[in-house]
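1. Quick one, what's the 3D model for this:
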Amino acid sequence: MGTLEETLLAVWRQTLIETLKVVTVGTDTFSVRTTPKRNLKQVDFEFQGRAYRGLEQNPDTKSRWTAMARSGSKVMQFLEHGAYIAVVADGKVHGYP
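-> The predicted structure is shown next:
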């Protein structure tokens, strides 16, 4: 099944690069939805019994990742229990302390 970092990267790739409607984590599949307001891609998934959410970076916010998203980079934030835990930007995983 791999590590959490490998899983986040796989979810990012399947969602934003391959633009799949359903992502696979291990043997499980999870639907990719879009947010109603900004039409951003979002996927709720599980890894090792824990629930996570991947959310495409909103290019209209004020974060250090926004500039990358505006310039066309593929950026996805990852949350657990509503708290940001990591971001994948252009294929690189960056954890939050």
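2. Now the residue of the chain most remote from its centre. Its backbone dihedrals?
-> Distance from the centre of the chain peaks at residue 27, with 18.5 Å (CA atoms, centre = their mean). The phi/psi pair for residue 27 (degrees, to the nearest 10) reads phi -100, psi 0.
3. Pairing-wise in the sheet, spell out the partners of the closest residue to residue 12 other than its chain neighbours.
-> Distances taken as CB to CB, 6 or more residues apart in numbering place residue 88 nearest to residue 12, at 4.0 Å, with adjacent residues excluded. Every C-beta, even on glycine, is put in place using the N, C-alpha and C of the backbone. Residue 88 has these beta-bridge partners by DSSP bridges: residue 76, residue 93.
4. Report how many residues lie close to residue 88.
-> Burial measure for residue 88: 25 neighbouring residues, criterion other CB atoms under 10 Å.
5. I'd guessed it sits against residue 9; true?
-> Yes - counting by CB atoms under 8 Å, residue 9 is a contact partner of residue 88 at 5.9 Å.
6. what pLDDT does residue 96 get?
-> Residue 96 carries a pLDDT score of 82 in this model.
7. All set, thanks.
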